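*Asks:* Here is a sequence together with a model predicted from it:
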Amino acid sequence: TRDDEGNEREATQEDLYPTITLEAVEGSLNSTSPSPDNLAETQVMTSRYMVLVDLSDDSIVAKRDSDVVVNPASMTKILTVLTAVDMIDDLDDTFKISNEAVRYAMENDCSAVGFLEGETVTVRDLIYGTIVCSGADAAVGLAEYCCGGQEAFVEKMNEKAEQLGIGDTAHFTNVVGVYD
């Protein structure tokens, strides 16, 4: 890549993945701080991979590397929570964090909430930890709470994927989206 004066330089993130600036769209979600006068205003979106769809007519407004296959770690955790909530009766029920939950997150270099082995947390904390922190320790904890372990829980996730109509394009082997 060259700078404004024609000198060679190393490509920056902005060179590789330029910002897409959008016109304000009523009711849109914000990826940056909105104007206080117009909370529905979308200002800037940045992402390495994306597809932005206008839901009013299903048209693609913007896309970047939309045909690239990526490991869906955080998306997997969304399905983990969707699957778990169908099996949970009491969000205030408690769960004791296992060695497996902590070990799995560490050995696979996953993001983690930081739960400690033997720590007692609520099921609500497991859900929040999975979604808000993208915590593998919390996701494995949810699987253990609901089904005794990842293997049995992943079967339920794949059943849920079928119910949602994504079973033909998605198959899960763990609750955190680690590629194996």
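*Replies:* Looks like it came in fine.

*Asks:* burial count for residue 143?
*Replies:* Residue 143 is flanked by 29 other residues according to other Cβ atoms under 10 Å. C-beta: built from backbone N, CA, C; applies to glycine.

*Asks:* ok, for it, nearest residue in space, not its chain neighbours?
*Replies:* Spatial nearest neighbour of residue 143, excluding adjacent residues (Cβ to Cβ, 6 or more residues apart in numbering): residue 153 at 3.6 Å.

*Asks:* Am I right that the one you found sits in a helix?
*Replies:* Yes - applying DSSP: H, G, I helix; E, B strand; the rest coil, one finds residue 153 inside a helix.

*Asks:* That one and residue 172, how far apart?
*Replies:* As judged by Cβ to Cβ, to the nearest Å, residue 153 and residue 172 stand 9 Å apart.

*Asks:* residue nearest the centroid of the chain?
*Replies:* The residue lying closest to the centre of the chain (Cα atoms, centre = their mean) is residue 74, at 2.3 Å.

*Asks:* Verify the stated contact: that residue with residue 134.
*Replies:* Yes - when contacts are counted by Cβ atoms under 8 Å, residue 74 is listed as touching residue 134 (5.1 Å).
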